[in-house]
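In: got a predicted structure here, sequence first:
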Amino acid sequence: MAVAAPGQLNIEESPPSWGSRSVDCFEKLEQIGEGTYGQVFMAKEIKTGEIVALKKIRMDNEREGFPITAIREIKILKKLHHENVIKLKEIVTSPGPERDEQGRPDGNKYKGSIYMVFEYMDHDLTGLADRPGLRFTVPQIKCYMKQLLTGLHYCHVNQVLHRDIKGSNLLIDNEGNLKLADFGLARSFSHDHNGNLTNRVITLWYRPPELLLGATKYGPAVDMWSVGCIFAELLNGKPILPGKNEPEQLNKIFELCGSPDEVNWPGVTKTPWYNNFKPTRPLKRRVREVFRLFDRHAIDLLERMLVLDPTQRISAKDALDAEYFWTDPVPCDPKTLPKYESSHEFQTKKKRQQQRQNEEAAKRQKLQHPQQHARLPPTQHTGQPHPPHWSGPNHPMNNAPPPVAAGPGHHHYSKPRGPPGGPNRYPPSGSQSGGYNQNRGSQVGGYNSGPYPPQGRGPPYAGSGMPAGPRGPSSGYAAGPTNYSQSGQYGGSAGGRGQNPMGGNRNQPYGWQP
Amino acid sequence: MAANFWTSSHYKQLLEQEEVDVVHPMDKEKGINLEDFKLIKLHMANYVWKLAQHVKVRQRVVATAVSYMRRVYTRKSLTEYDPRLVAPTCLYLASKAEESTVQARLLVFYIKKLYSDDKYRYEIKDILEMEMKILEALNYYLVVFHPYRALIQFLQDAGMNDMSMTQLSWGLVNDTYRMDLILMHPPHLIALACLYIATVYREKDATAWFEELRVDMNVVKNISMEILDFYENHRLITDERINVAFNKLAFKP
């Protein structure tokens, strides 16, 4: 947060009106996503013409008012401000059904709709990677990985676990910027909280072994496992651990990473479900063997991400320091990346469907199972990342969709540049921890000599069950003269938030579901 | 939620005394003056506190709930937002925001148990409906920072984390939620003010420690004076005066 120049105001926000605008301020253009929780639309703000994404928060099934998942997401997004984290612009409402449905029983008045307004992003990583014929270049993969890790490091420093890192939640705009989205499963892991988080999070293919073994105390390492899976997927051209169910997922993990034991993962035998899932025979770690075609630095980094023991898994910060990002070809500048026609998994799928229908009509032939195209591994060219290396016949920029009518989705609006990139976009050390805590001059006082103001965060990995750190006992609230029990019936974890994000299919497109 | 206070909405939204001490025109019409306004908010803070003891939530939830309520009334009138509904709803919302969810029906149950007065009687649907209004009034900014964490750190750093000092200063911080301080000052300064009062009260010499802080001690002393003034006045607050204030609110012009 910079101080405004003389003569300018320090307040960025427009004058408050203390009420939400109506969704009528926007014109819905096209649905771009659909999840279990509601729809996501591309929309245009009528006044400014700006394109945004509207994510609907469904209220109709809520017996407990405003959904706590939405509260979490809003709370988290309102405090995260980073170029690699999706920006929540505002929240708008539409009136509920009470106006025309007077006859309905009581209790419907609060059931209007709520929409979260996000900056619009052209693609998600899965949608982009699934484009037929598209292959990423090595500098491009490094560029995405670096942004992913930078954004995630920022979240972790701010004590937020994303808990659903996967390709369709990584949005990419036509400036080459990658942003983490869908914080609907995210949680803050502050220390006044004794752990006990749900292990039913993270899409199965990206879920780390500790969650599959039933851990309820965990930290940022869970996200890093997912990053490892995505990294390997980018290099490999297809998902590396596509388990169909939880036991199979663990098996696939063990087959790749070896079987866990007290040597490589102290404490693993005490995890809740170890005895149910332990491999029947010892397995060797095969990461290097399986991915032997990757370049050396990529394997080195991957090896440190796909570590069974979460305490030994590499952190986002250390990953940014990995040789991989500092050897040729180095990550390219996002701005030099090719611009692609809009693609979200939801749209790509729809488009393919439509294409199929056209073909059907043409050939009068029913194609029950369209051929799955395999993604291509990255090109090994190390030179300039652009123009993009397409292997397919349809070359560059606008990969004109074959016979499909161009819907409103094929916009190429220009939008204001994000925050200045500049040379310090990626600090050489990869460590940005200092930068997130601007010390507001003398107001913080000299009490803390470090970059942490008194209310600042604790050690980034204070996670659960962290013993008293510099900020006092993690159960700080019990220390005082209070009568409130901390772990009372309703205290502690939000426990059964139940939903298991889509066991192992990727049918939940686009990263905006609440 | 422990992120960085200095980049938080809480910090950006800190208000001046003159902005907080504004009686909404609609309330003014009913004859409510600044004293009444403060009394009603005080009474409602106590209400939240009592309710919280029954539903057993952490102290932090109470502090957040009271902060929400006070923020709402910098923007909305008592007339349109009945404090007897706003208070429990703020607790309801804060319990979600602070990850200690309390079911609406449980709140309704305890409201009935605590107050036989019909004016306090609200149903689940009322709470859910008010929740939406409060979210809007708060502009969906739900993160509130509190002095407690800073206080514990200060006590440790000053080597005064014995039982007696901890209890006294902690209690003082609790009492600050009976005033609007949380809307106006950074939490760590409120913590320092409470600590300062506690040292004076317990006759501990912490001058050197305070001097080393490089905090503007004038601000800390001003906050301390406000707290002491509050204690002074609090003796004069009777149920009668609170009733008078609520009666004005019930008045229909």
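Out: The structure has been received and is ready for your questions. Residues are numbered from 1 along each chain as shown, chains lettered A, B, ... in the order given.

In: am I right that A:I51 is in contact with A:E30?
Out: No: judged on CB atoms under 8 Å, A:I51 makes no contact with A:E30 at a distance of 10.4 Å. The C-beta positions use only the backbone N, C-alpha and C, and glycine is treated the same way.

In: between these two, which contacts overlap?
Out: Common neighbours of A:I51 and A:E30, counting by CB atoms under 8 Å, 6 or more residues apart in numbering or on different chains, are A:M42.

In: can I get the host helix or strand of A:I76 in CSV? Just the C-alpha atoms.
Out: Taking DSSP states H and E as the criterion, A:I76 maps to helix A:68-79. Backbone C-alpha positions of helix A:68-79 (Å, rounded to 0.1, in the frame of the first residue of the first chain) are rendered in CSV as follows:
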residue,chain,number,x,y,z
ILE,A,68,-20.7,-19.3,6.1
THR,A,69,-18.8,-20.5,3.1
ALA,A,70,-19.6,-17.2,1.4
ILE,A,71,-18.7,-15.3,4.6
ARG,A,72,-15.3,-17.0,4.6
GLU,A,73,-14.7,-16.3,1.0
ILE,A,74,-15.7,-12.6,1.4
LYS,A,75,-13.7,-12.2,4.5
ILE,A,76,-10.7,-13.7,3.0
LEU,A,77,-11.0,-11.9,-0.4
LYS,A,78,-11.5,-8.6,1.3
LYS,A,79,-8.2,-8.8,3.0
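
In: which other residues reach that helix?
Out: Residues contacting helix A:68-79 (CB under 8 Å, 6+ apart): A:37, A:57, A:85-88, A:91, A:114, A:116, A:158, A:160, A:183-188, A:494, A:497, A:514, B:1, B:3, B:7-9, B:93, B:96-97, B:101, B:140-143.

In: wait, a strand at A:I91?
Out: Yes: using DSSP: H, G, I helix; E, B strand; the rest coil, the assignment for A:I91 is a strand.

In: and A:K55, helix, strand or coil?
Out: strand.

In: I misspoke; the intended subject was B:I237.
Out: From three-state DSSP, the assignment for B:I237 is coil.

In: grab the nearest non-local neighbour of it.
Out: B:L39 (6.7 Å; CB to CB, 6 or more residues apart in numbering or on different chains).

In: and the strand or helix carrying the one you found, which residues are buried?
Out: Applying DSSP H and E as the criterion places B:L39 in helix B:34-55. Buried residues in helix B:34-55, counted by 16 or more other CB atoms under 10 Å in any protein chain shown: B:36-45, B:47-49, B:51-52, B:55.

In: for the residue most central in space within chain B, grab phi and psi.
Out: Residue closest to the mean C-alpha point of chain B, counted by CA atoms, centre = their mean, is B:Y177 at 3.1 Å. The phi/psi pair for B:Y177 (degrees, to the nearest 10) reads phi -80, psi -10.

In: ok so A:E30 is a strand residue?
Out: Yes: counting by three-state DSSP, A:E30 is found in a strand.

In: now the lowest-mean-pLDDT helix or strand in chain B, how far from the centre of its chain.
Out: Counting by mean pLDDT, DSSP states H and E, chain B has its least confident helix or strand at helix B:9-12, which shows a mean of 77. A distance of 16 Å separates the centroid of the chain from that of helix B:9-12, by CA atoms, centre = their mean, to the nearest Å.
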